[in-house]
Every structure is written in C-alpha cells, then in structure tokens.
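Engineer: okay, predicted coordinates and the sequence, questions at the end:
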Amino acid sequence: QKVDTVVIGVAVAQTSNTALLGQEQVIGAKFAEKFLNGRGGINGTPFKLAFQDTGGDEAGAINAFQNLITKDRVVGIVGPTLSQQAFASDPIAERAKVPVLGPSNTAKGIPQIGDFISRVSAPVAVVAPNAVKQALKLDPKIKEVAVLYAQNDAFSTSETGTFQQTVKDQGLTLSTVQKFQTTDTDFTTQVTAVLNAKVDLVIISGLAADGGNLVKQLRQLGYKGLIIGGNGLNTSNMFPVCQKLCDGVIIAQAYSPAQGSAANQVFVKEYRAQYKKDPPQFAAQAYAGVQVMVEALKALDRKKKLNTYDLDDLRVALNKQILAGKYNTPLGTIAFDKEGEVIQKEFYVAQIKMKDAKNGSFVYLK
Amino acid sequence: MALLEIENLSVNYGAIQAVRGLSLTVEEGEVVTLIGANGAGKTTTLRAVSRLLRPVAGTIRFAGRDITRVPADEAVRLGIAQSPEGRQVLARQSVQDNLELGAYTRRGSVRADLYEMYERFPRLGERRDQLAGTLSGGEQQMLAIARAMMSRPKLLLLDEPSLGLAPIIVREIFGIIRELNAQGVTILLVEQNARLAMNASHRTYVLEAGQLTFSGNSAELVNDERVLHAYLGG
Amino acid sequence: MNDFLQTYGFLIATMMQAGLLGLSLYFPLQAGQLSLASPGFYSVGGYAAAILLTNPAFAGLRDTLGNGVFPLTWLAGAVLGGLLGVIVGVPALRLRGIYLALATIAFVEILRVVALNLTVTGGAVGIFGIPQAFGFQDRWQYIFLFLPLLLLTMLFARQLERSRVGRALRAIREDELAADAMGVPPTQYKVLAFVIGAVLAGLVGAMSAPFLNTWNAKQGTFDASITILAAVLIGGSRNVWGPVVGGALLAAVPEVLRFLTDWRLVINGLVLVVASLYLPQGIVGALERLGRPRPPQRPAPGPVSAAEVKS
Amino acid sequence: MTGEHVPVSPIPVRAGRSVVLEARNMTRRFGGLVAVNDVSFDVHEGEIFGLIGPNGAGKTTLFNLMTGLTPPSSGTLTYRGQTVTGLQPNRVAALGMSRTFQNIRLFRGLSALENVKIAQHTRTRAGLWQGVLGAARAEEAQVERRAWELLDLVGMGDRAGELAGNFSYGDQRRLEIARALATEPRVLLLDEPAAGMNTAEKGGLTAFIREVRDRFDLTVLVIEHHVPLVMNLCDRVAVLNFGQLIAVGNPAEVQRDPKVIEAYLGGE
Amino acid sequence: MEFSQFIQSLLNGLAIGSVYAIFALGYTLVFSILGIINFAHGAVFTLGAYFTYTLVVGEFSNNGLLKGVALFPNGSPLSGHPVTFALATLLGAAGAGLIAVLIERLAFRPMRSRGADPLLALVSSLGVALVIVNLIQLLVGAEIYNFPSDAYGETPAALSFTLGGKIVIIRTVQVIIFAVSLVMLAALGYVIGRTKIGKALRAVAENPTTASLLGISVDRFIVITFFLSGFVGGLAGTLVGTAFGVAGPYFGVTYGLKGLAVIVLGGLGSIPGAVAGGLVIGLAEAFVPAQYSAYKDAVAFALLFAILLVRPQGLLGRAAIQKV
Ligand SMILES: Nc1ncnc2c1ncn2[C@@H]1O[C@H](COP(=O)(O)OP(=O)(O)OP(=O)(O)O)[C@@H](O)[C@H]1O
Ligand SMILES: Nc1ncnc2c1ncn2[C@@H]1O[C@H](COP(=O)(O)OP(=O)(O)OP(=O)(O)O)[C@@H](O)[C@H]1O
Ligand SMILES: CC(C)C[C@H](N)C(=O)O
Ligand SMILES: [Mg+2]
Ligand SMILES: [Mg+2]
C-alpha cells in the first residue's frame, strides 16, 4: 500500500495528572504542524498530525501507539510524555519498525530500547550538572547542599542521582537528602530539615506543582540561599504556585527562548504572537520532534517521492534518515548518535524572574 | 366517619401478590384486629397503610384524605404511627434517643410522655442509656411499642405487639391498648394471640392468602366455628 | 483481521487481564470480604516475573530453562501472591466492610512504597526491557496466555460455587455469625477465599510483566484497586460472569471512546454513572433477571447407593 | 413424610437418661450488668427442657454462652463430659449442638434450600479440590436429598427456591428449625420458636417438636413465653430471673412456685 | 530529639494533619448518613477552589475552552476585583454545596430508590469525579492556578519563635486551616451531637426506613447532608488552594486516598474521628525520621493497618452491635 498523505503520530498525555505536561507538548506539536505546513510542508505537500492520548499510564501509552501504528498509519511517532510510558510503548513501535522520537523522555536507557527509538530530549546526566556549576558562579561561597527529590517519579529519581554526583564532584558537602512524592503538597517537614541543616544551596528534582510548593514553602519558612530546580520545574506552570517566591530559582535547560539560532528566533516570535508568552521547554521539544521528522521526510522525498513508498519501507527509511541528519531546531543544532541519543551542543541555565504574581520568565544566564 | 378506609388494596412484591383487593375500614375510636395465618398478608397491609410499601392498586384514605401516595414521613405527621414487625429499634441509639425520635414530629417538650413510658415499662426506665441494639428481644419489643406511642398518633398500628413478651408484660400491653383507646386513640392490631386480641377489640378481620375471608364483631367471631378452628386452636 | 488484531489485540488481552483481576477480587467477595488487595499481589507477581526475566542473577537459570522460564515466573508469581495472601489475610480478615477494604489498600500502598525504595525493583524507574513470553512478537499473542487462564479460572469459580466450600463462602457472606453457629468456620474459609484471589492476582501479574514490557510501582496502586472494584460492581458481583464482563467493559470503554478525543473521559465518567444507576445488580445481574431462575428440582427418589449413605 | 428409606440422622438407639449437658456456675457480665448469674443445671438425654423467665432475664444470653457465640465471664458447660465453653460456635455445632435465633438469622439472600444445605457443613467432607473437580458427587446428592427432606418436614418442600428473606415471619421461624436440624444435632436449642405463630399453629409446633425429638433422638432446650405451650411440651422447666436460676422442676411444680408467679406469670 | 525539634515536628504534623482533616470532614459526613464512600468529594473540593478562583480572578489562561473569557470584562461595572476573597470563598463553598446536592440528585438518589447495593454508589461517584475533573480540564486546562498572594491581607507568610535557642516556624496559612477545621468540627459536632436535626440525621444514617416511620423526611435530610458536605468540602478546597495552589483538575482527587485513610482511621462516620484521624496521620508522617522519609507514606498506612487490627472500628468509631 502506498503512502498518500503523510501522517505523523503524536502520543502524549492529554488526560490524567500528566496532562499538565502533555498539554504543552500538544501545543508545541500543533504549532509545528501549522508553522511547518505554512512553509511548504514536505516539499510542497502538507503533512498531517494524528494525536492519540496516552493518559498517564503504561497501558494507555501502548494503546495510543497501537492505534497510531495500525489505524492512523503514521510514518513515525513523537511521544510518549513519560519515560516510564516509553519503556512500555516504545518496544511496540520497535517491533512494528516504526520510528519514535521521544520528546521529553530523559531517563537513562530510552534510545537503547531499540533501533527505531531516538529522542530529542537530552538525558538528565547531560543537562543537570550545568545548573550546579552556574550556581557556584553566582555564589562561590557555597559549601553545604541539600538535595530534595520526588521519590515516586522515575525521572526525578534519576535526575537527583546526577545532581548528587555533581555536588560531590564539585567538592561540596551533601548535608541532607530529602524525599517526597509528586502528590505531596505540604513540605514543612522537608523544609525544616533543610533549615536545620543550614545549607546554602537547595537542589530540587520534582514536577511543577510539588516543586513550586517546595520553593514557596522554603521561602516562606525563611530559606534565603540559592535554589536549583530540575527538568520538571522547567515550566511556567510553576509560576502560579510559588508566585513572587519563584524569583531566583536556577534551572538548567535543554531549551531557552534566548537561544540565538535563527530557527529558534523565528519560532519564538511566531509562538509569542500566537500564545502571548514564551514557549516552554516541553513545547519546544515537541516542536523539535515533529520538525526532525518533517525534515527527514523532506530529505527522503528529495531522493525518492514519498508517495511511491510502501508504508513499511517508508518507516524504515525514515528511521535511517532521522539518525543520519542534522537539524536546526529551536533547541539549536541537533543530531543523533547511532543509538538514537540526541547530540545537542548547547545547554542553558536560566533564572526565574517574576514580573508579577502570575507572569514571569526564565532569564538566560551566560 | 371512618378514620381509615382501605379500598380494593393490592400489594405485590415483585411477582408475588401479597395482598389482593383488600377493603377494610377502621372507625374513629375503634380497636380493630387483623388475624390470619403466617404469610397471609397482615404485615404487608400495615406497611401499606404506614406508606412503607406502594400498593399496585386501591386507595387508602385517612381522616377523609387520600394518602395512597403520600410518603411515609408525611403519614406520621398526619397521625399514623406503627410498631413494626421485627421491632426495628435504632440499635445504635440509646433507649431514650429512640423514644425521643418517636416524638420527632411533635413540637415542644416531650418529657412528660417520656416519664409516662418509663412508668409503664420500668425496664426501659432502668435502661434509658443502654444502646437499644443490646436490649433483650422483649425489651426491644417494649421499646418499639413505646416509641410508636410517643408520637401521640390518631391511629396506632401494632404488628404483633405481644411477640416475645413475658405474660405479665403481655397483660400490660393489652391494658395499654384499652387505655389508649379510652383516650380516643384508634388502633389497628395484628396479633397471633387471637383470643386476647379479639377480646380487646371491637371488630376483627380475617385474612387468608392476601384476601379477606370474613369479618365481624370480635365478640361474635370469637365463638365462630371457623375462626375457632383455624386460629384459636379450639 | 491482522490489522484488527494489531490495533485491538492489546486491548482485547487487556480486557481479559482486567477480567482476571476482577475475578481475583470476586473470590473474597464470595465470602463477603471487600478486599482491594489484588493490585498488591498483581504487582508482586509482576515484579517476580520481571526480576526473574531480567536480573543478571538469574541469567544462568534463564539459559538453562529457555522458554521454560516463563511458566516458572507464573509459578513464582502465584506462590508469592499466595504467601503474601496468608500473611496479610490472616490478620486483616478480622475486619469488615470498608475497614477491610482500607486495610487491604494500606497493604497495597505499603508495597508500592517498598517497591519504590528497593534496588531489585528498579526503584521509581522500575524494570524495563522485559523479554517477551515465548518470543511473542505482538501484543495480541498474549491472548494465548490470558484466555486459557480466564477460562480455567471461570470454570474453577463455577465449580467452586456449586460445591460445599462455595456454599460455606456464601453463608459467611450472608451472615457470618449464623454461618459460624451452623458449623461453618468463618476465618478458615475467609482466608481460603482471600488466598485464592491472591494466587490468581499474583499469577496474572507474572503474565503481565512481559505483556507491558516494563514493570514499576505504578502497577499496584489505590487507583487500580478502585478500578477493579468498579469493574466487579458494574459487571455484577454475584455471578462469575460479572467481574469478567465488567473488567472487559471498563478496560474497553475509554479505548472505544477514542474517537471523542477531548470528551472521551467525560463520557467515560457518564457511562459509569448511568451504568450504576440503571443496572443496580450489575450488567450480568440485569441479564440474569430477564431469565427467571429455574426453581430447584427435587432429586428423583430412589434407592440410595451405599456410597451415598456412608458420607 | 417422604424418604422413609433415608434416615436423616442415622442413630436409631433410644437413649437412656444420662446427663447430656452440665452447666456449672455460668456467669456473663455486660459492663455492670450481670445478665447471667452463676447458673448451674443439668439436662438429661432425650429431655425437652424449658427455659422461661421475664424479659431480659438472661435466657438468650444463656443460649449464647452455651453455643459459643458469647464467651462466658466465668463458668463452664460440658457436653457428654467434654468442655464446650471456650470453643468457637462452629466447633460447638460440630459437636452436635445447634440452635435457632430469637431475632431470626437466616441467610436471607439465599434460597430456603441453600439455607438447609449449608447447615450440613459439619457433616460433610468435600474439600476445595474435590468440590472443584466434581469428585464429591455422592456427597452432594446426599446433601441435596437431606435438604429436601428437612424442608418437607417443616412443610416447605414446595417453596425450596424462594429466598429465605422473603418468607413471612412465622415461616422464617420454621425454616430456622429445619436449618438447625440439618446440622444433625444431638441437642437442639430453640429460642422462642412459637413467636409469631397463632394459637392453632402453636399447638402444631408442640407436636412437631416432640416428633423431631423422637425421630432424631434429640435433647431439646426451648425458650418460650407462651406458658401453655411450655407446660404442655416440656419435661422440665427452669426459670431465670435477673440472670439467676430461681426454680427448676417439672412444669406443674414450677407453675405453682410463688417466686415464679411473682416474677413471671403474674397473679391472675 | 531536642525539645525545639520535637515542637517543630508537632507543629508540622498538625499542619499536615489539619489539611487531611479538613478534607475528610465533608467526606465523612456523607458516609455517616448514607454509608457510602463518595469519591466525588475530591472533585467537589476542587470545584470549590476553582469557583473561588473564578470569582476572585475572573479569567483563565490559554489551554481550555474558556480561554480569554473574562467574568468581569473591562468596562463592565464589575470590572476590577469586585469580589473580596472572603466573600468569594463563601460563595465558592456554597457553589460546591449546590453541586454536591446536584450530584446527590442525579447520581445517588435514583440508585437509592432502586434499592441498589450501596457499594455501587462508589462507582457512580467515581464516574461523577471523572466527569468533573475532565470537564475542568476541558474548560480551563490542566495548569495550576493560584489565588493572589494577598488573599489573607497583610499577614506574614510564616510565624516563628525561638525555643532553647532554636527557631520554630509555622506557615500562617496552616494556622488558618487548622483553626478553620477546628471551628467546622465544633459546628458540625454541635449540630450532629446536640440538636434534634442531628438526632434525626443519626436515625437516617442507621436505618432510613425506620427513620421515615418516625416521621423523618429522609430525602430532605440527605439533601441537607450533601449540601453541608459540599460546602465544607468547597471551603476546604479554597483554603488548601491558598496554601498549595490549585494544582490542576486532579487537585482534590489526590487527597482521596489519604482522606479515606483518615476517615477510616478516625472511625467511619465519626466527625471528631475525621479530625483525630487527620491529625494522627499528619503527626505520624511528621515524626518519621528524616533518613526514612522515603517510607513516609508507608508509615501512615502501616499505622492505619496496625490501629485497625487493634481497634477494628477505628479510633473514635463505634463498634458494630452484635446482639444475637
Ligand atoms: N420482601 C418480600 N419479598 C417477597 N415476598 C414477600 C416479602 N415480604 C413478604 N412476602 C410475602 O408476602 C406474603 C405476605 O407476607 P406478610 O409478611 O404480609 O405476612 P403476615 O401475614 O404478616 O405473616 P406473619 O404472621 O408470618 O408475619 C408472604 O407470602 C410472604 O412470603
Ligand atoms: N451486648 C449487651 N450489652 C449490654 N447488655 C446486654 C447485652 N446483651 C444482653 N444484655 C442485657 O442482658 C439482659 C439479658 O438479655 P437476654 O437477651 O438474655 O434476655 P432474655 O431473657 O432472652 O429476654 P427476652 O425474653 O426479652 O428475650 C438484658 O437486660 C439485656 O438488656
Ligand atoms: C515531562 C517530563 C517531566 C518527563 C520526564 N522528563 C520523563 O522522562 O519521564
Ligand atoms: Mg407479619
Ligand atoms: Mg431472648
């Protein structure tokens, strides 16, 4: 069967708790569809996106993948939201020989699931250390560090490992490690432990709501030192939670609106025009995921018209092409190693600056 | 005027017809007995009058008003009280709370009535703070009757009041029935102790398999061959 | 056909799996025990399988057994489930109703937290890259595992109901005290029913780990407990078919409603409300009501064989 | 009566007059209340033993102590020399003591037939696997047959499939007796079996209790408030008042006892 | 443990616990009357917070169908901040109360009149929760909303004092939540324990049929109960929202499990039990030593398990009556 219209699958969490992150990815992907098709799609032919909700669990992700692969007949999939879901659903695509680009999966081991699995999201081990170095630049007197992490969240636990290692590598003292759950709201216990440890740097790995509350409560209860937030806090979703108290939180990013590439500046400009705010990282990564697929398809199409392909062959060819290319995305220039791990040169460290209670921005730190 | 008029009443439990085309009346100030074998439909009739069951056909009029469709709590407010089969005391409330709840529809203080009940049933007075669920069977029966009286009903429905009571208390109950009746309370009585009941009542209806078989003056029926044989063990 | 199986095979297998979990809750329910511990046993069974199938410590075992390792994982899941069932069941079954339900949920939660903190379980990330049972390529092939298990379990349940033990369970459900007074030892039978459920859930967990490719602490949660209970109630808790139909339905509805995109879960919620309003005895209960049950038949009189008198 | 050829209880020997039950100093307190107070008595084989007394005297509580439903505060009960107190109710039932409840406790959601089948539990053996593998057919057939017989015995053979909870009050009492008999007891304890029956039916009940006693070779204890029935039926009567045994003897004696008249029967 | 640290843990425990307690109050109320676990309570709690937010802020960000809709459009007489936080909180709670009544009407009453298994109410309330949560997401998105930081006026964010040279601190919001839960406990306790209404409610709770036989209008009392439960829940939603932000549509639902644990631990249907249960679990969590904090949730549930084994009816619940 030949491929008439090119459909790219997007399987992210549109419902459940995870939708908070998923909805930014949906925005990013939809934006990509509009923007890229507006610029000619695949060498003049528009492509389509098919969305399937993964919910927040593994079975949901598998179902979404199955639907995309057989019903929507997609050429490749951008998704899922969580690494834990990826461990369940990516093998499905791998066996069906459908290329997958993880838009936000940062856990260890994702590209290793198989030949068809790659990601645009740099793993924590690469991103996280930058924040600590930056904090030391801001305040060289830092000695004692407290690390807090959401213990029921897969990526937060792996991120904290990296953070803790970095702390040691930088010759700092790890005074206390506190755990919490992403569903927790009250952190008085953790905060008082931090305060008692008299630290001058706090590093948090969690998600937006719990992370935001933690920041807020740290400040309210009198913590004055620097705070580093992990990948989960890298979203403006955190702003309403800690409001003015978010000010000053340092976050290592795989994406920054301030990134200077032309690709990014166009992206940011258009995005701002449409949504009246800076694109968040998850939106940018989802955008990048779609963009990589589209550009790989363009490259293929130039060699051999896509509508002459068999779907199965196209998927295989696409996968090869994805891994071979180099892409100018809002994340900067990225490429992939042979396993499918993203090769990204630039990472960023930003500091939150709140304009008022609701609005703020990530200010890029040099 | 008849205080209670039942016309052509039929009540079903799913497919089972428990009462079929029953008509009976209870005049104001009367004591009327309803007898019949186990499963005849006596309890079903009382529950239809107190509005716990919805009849499939027929009408129930109380003091001239059609109450066939009013909810059970409304029936109580109109002046119908029931001492139900199986006692149905509120097991987790104290004896006193049960009695006070019996007077739920009344306004003002019910103290005097409480003391009256404790006087009639000294055992309840001794146990006023005991949870009703831990009372002995007979004690619960006393409580159920006393609770029904607490609402000062116009019509009192008693479903086998003597059940589980010691002979002395049975006598007490029938004394109360006479007394209440003398005070003008109308009573519809279901009783297995047919002789006692008939002696205490003006008229008697006999129910068989959900239908009325015969009825008449209690004093006459007590000597009726058929009744004697079937219900009085004569 | 192949496309259908590719798309819906996973769902169909999930429906069977949900039915099986429903049944694991149905057994204790037969004895009136509202236990929500199934996801706990399920999770443990899954971990057992996942560890046996991926942990380097068992590499030798896997090599020697080949595909034989899979039945071994089932056995491990079932045995572990059963053992835990006894350990939790004996103290917990003194509780009744919601109290029991919560004690069993407490057990599920404790297990979840423990799983998050251990290294063998892979902590919060869990275990991934679980090899496929018998080299299955597609999800739908797991029907070959779940379907026979489902049929066997239903047969088991039906036979159980018709037996002396089944009657004892029902008696306890109806009135524990009266059952006791009539010679039925409640504790013993409650534990039995609980353990049967636990063994089943552990077994299903062991089969499910390869099925889901990955296993983590989210597999056994409060939400799962409630979903399974809802499935049993929607299906009907008085007949073996109830949990099966309910489980299958609740697994299928959100998937079938995919075409509604954003409204899918809103409608899913409405389906739950409407179903519970209009089918107070569950789906199977409602179907049963249509066909009036046959009155029991008096056994034919006749000479009694020696075997029968002996008793 | 059907099923002449299947004796429901296989022990045909007519008993002597040996002591079956010995209650010794049985006491039960509820908080400050002494519901049963130092009660001792003997019950003889084959006897119909009445237990009467005012409401709240402790009769039901005494039954509960005897059948293991309530542990006694002190005192013992022995059944044919074996101590019963301290055993679980199901063990007591297995030993051969079975009861009915004043506040009927049928398995309301199950059919009459099932109610009676369940009660044969201690007299049958089939375990989980035998049951599941269908290896206990003979036993099942036996259970079924006995159940029908007992239902016939109480006149409910044609209502076997009805739910117990849907029976009228009086019918539920009859069903409870059938269920108690299904445990194949040697001692039957009836708590107000005639409650909710009319005078004619009470007469029938007297005959019925005698008949089962003879047929199944039982010892019967019966709590009842209907005095004529007690006097008519019982070989001996014990009277409880405020938890204490105030009289034991043959019905005529007891009926004349002034303490009994004062506490229970009331002056005429 | 040092004294100051002990006091700090105590305060922390009470702070955490009072959030559980305030959630559980409305939850247990419905249970005490109808004997059903109302899983929609978490959703009603969420709604209370969203209602208040709507009144106070009047507009939503850009993920739901309601993006760009302003409740008080510029130029309209109501533009600006016409609704004070206190008033909005009460209105929000009342709104939640009405929703609860509606839920009773649509999802519980028909079931009752059909004589369904009360357990089934669990399914229908689960359905209701699913509908509400996803409707919220459809309308206003999954993002986190929060009240203006000056919701309580010019109060300091935290209170602190020194004990033996060490600082002991507590957040002001938590003191407020603690106080409000005690006030609500007292009010509900008074109504249920001391008034005729309360007596009637208890009768309905125990046996609706018998209650109606005593002249009590069961349906009306159930409506009252649901309104109260929704009101208390909605109020709690707003308060907890001010403390932690309204963390998306699942905000209240995530308290469901802890809430359930709390009311069961306290004794099902016991109003003081809900508060006691909340505080006990809060304290248990707060006193878990820092190095075992990973097991915090397990500790709470292990405690629950253990207490139930000793007291099968919960801390303040009454034992079932088994008079034979
Ligand atoms: N809940 C029920 N469901 C089905 N059938 C019922 C129900 N309650 C009663 N019945 C049937 O209705 C008929 C009448 O019952 P009812 O209780 O009115 O009898 P009754 O005259 O009060 O008998 P008793 O003297 O034994 O109390 C009986 O055949 C009974 O089996
Ligand atoms: N669980 C309990 N808690 C408190 N008191 C109890 C409990 N059980 C029984 N009692 C009390 O003990 C006394 C004896 O009760 P019991 O039921 O044995 O009386 P009974 O002789 O059977 O009376 P009846 O003839 O009325 O059935 C009663 O006064 C009762 O209130
Ligand atoms: C959306 C992100 C918070 C997901 C996370 N990075 C993960 O890999 O699971
Ligand atoms: Mg009756
Ligand atoms: Mg008694």
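Structural biologist: Done, it's in. Residues are numbered from 1 along each chain as shown, chains lettered A, B, ... in the order given. Ligands and ions are numbered 1, 2, ... in the order given.
Engineer: in which helix or strand does the residue of chain B at minimum distance from ligand 2 reside?
Structural biologist: Distances between chain B and ligand 2 by Cβ to the nearest ligand atom are smallest at B:Gly138, namely 2.6 Å. Using the backbone N, CA and C atoms, a C-beta is placed for each residue, glycine as well. Per DSSP states H and E, B:Gly138 falls inside helix B:137-150.
Engineer: where does pLDDT dip in the stretch 201-311 of chain C?
Structural biologist: C:301-311 (pLDDT under 70).
Engineer: just the stretch 151-268 of chain D next, same as before
Structural biologist: For the stretch 151-268 of chain D, the stretches with pLDDT under 70 are D:267-268.
Engineer: flag every residue of it that's near chain B.
Structural biologist: D:166-171, D:192, D:195-203, D:225, D:227, D:264-266 (Cβ under 8 Å from any Cβ of the partner chain).
Engineer: gap between the residue in the stretch 101-250 of chain D that ligand 2 sits nearest to and A:Arg119?
Structural biologist: Among all residues of the stretch 101-250 of chain D, D:Gln102 sits closest to ligand 2, at 5.6 Å; criterion: Cβ to the nearest ligand atom. Going from D:Gln102 to A:Arg119 by Cβ to Cβ, to the nearest Å gives 73 Å.
Engineer: of those two, who's got more company?
Structural biologist: A:Arg119 (26 against 23; other Cβ atoms under 10 Å in any protein chain shown).
Engineer: surely that one touches A:Gly109?
Structural biologist: No - between A:Arg119 and A:Gly109 there is no contact under Cβ atoms under 8 Å: 10.8 Å.
Engineer: for the residue of chain C found nearest chain B, give its distance to D:Ala160.
Structural biologist: The minimum distance from chain C to chain B, using Cβ to the nearest Cβ, falls at C:Arg292 (8.3 Å). Per Cβ to Cβ, C:Arg292 is found 15 Å from D:Ala160.
Engineer: who has more neighbours, these two?
Structural biologist: Between C:Arg292 and D:Ala160, D:Ala160 has the larger neighbour count (other Cβ under 10 Å), namely 20 against 8.
Engineer: which element is the nearest residue to the more buried one once chain neighbours are set aside on?
Structural biologist: Using Cβ to Cβ, 6 or more residues apart in numbering or on different chains and skipping residues adjacent in sequence, the residue nearest D:Ala160 is D:Leu113, 4.1 Å away. Assigned by DSSP H and E, D:Leu113 belongs to helix D:112-118.
Engineer: could you do A:Ser361 as well?
Structural biologist: Going by DSSP H and E, A:Ser361 is in strand A:360-365.
Engineer: quick one: strands adjacent to that strand?
Structural biologist: Each strand paired with strand A:360-365, and its direction, by DSSP bridges: strand A:348-354 (antiparallel).
Engineer: so what's the gap between stretch B:35-46 and the chain middle?
Structural biologist: Counting by Cα atoms, centre = their mean, to the nearest Å, stretch B:35-46 is centred 12 Å from the centre of its parent chain.
Engineer: what does stretch C:175-182 give?
Structural biologist: Chain-centre distance of stretch C:175-182: 27 Å, with Cα atoms, centre = their mean.
Engineer: and for stretch B:75-84?
Structural biologist: Using Cα atoms, centre = their mean, the offset of stretch B:75-84 from its chain centre is 9 Å.
Engineer: and what of stretch E:173-188?
Structural biologist: Distance, centroid of stretch E:173-188 to centroid of chain: 12 Å (Cα atoms, centre = their mean).
Engineer: same question for stretch C:108-121.
Structural biologist: Centroid separation for stretch C:108-121 versus its chain: 21 Å, with Cα atoms, centre = their mean.
Engineer: quick one: contacts for D:Val92?
Structural biologist: D:66-68, D:84 (Cβ atoms under 8 Å, 6 or more residues apart in numbering or on different chains).
Engineer: phi first, then psi, for it.
Structural biologist: Reported as degrees, to the nearest 10, the phi and psi values for D:Val92 are phi -60, psi -40.
Engineer: residue 60 is in what secondary structure piece?
Structural biologist: As the question left the chain open, I've gone with chain A. Going by DSSP H and E, A:Gly60 is part of helix A:58-66.
Engineer: let's do chain B instead
Structural biologist: strand B:57-62.
Engineer: adjacent strands (with direction) for that strand?
Structural biologist: strand B:2-13 (antiparallel), strand B:65-66 (antiparallel).
Engineer: of those, which stretch is the most buried?
Structural biologist: Across the strands paired with strand B:57-62, the average number of neighbours (mean count of other Cβ atoms under 10 Å in any protein chain shown) peaks for strand B:2-13, which reaches a mean of 18.
Engineer: quick one on the thing from earlier: mind putting the contacts of D:Val92 into a markdown table with distance to ligand 1?
Structural biologist: Shown next, in a markdown table, are the contacts of D:Val92 (distance: Cβ to the nearest ligand atom, whole Å):
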| residue | distance to ligand 1 |
| --- | --- |
| D:Met66 | 28 |
| D:Thr67 | 25 |
| D:Gly68 | 30 |
| D:Val84 | 33 |
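Engineer: quick one, helices of the stretch 101-250 of chain D?
Structural biologist: All helices of the stretch 101-250 of chain D, identified by DSSP state H, counting those that start in this stretch, fall at D:112-118, D:128-132, D:137-153, D:169-182, D:199-216, D:227-233.
Engineer: out of those, which gets nearest to A:Leu172?
Structural biologist: helix D:128-132 (62.0 Å; Cβ to Cβ).
Engineer: starting at the chain centroid, how far to that closest one?
Structural biologist: Using Cα atoms, centre = their mean, the offset of helix D:128-132 from its chain centre is 31 Å.
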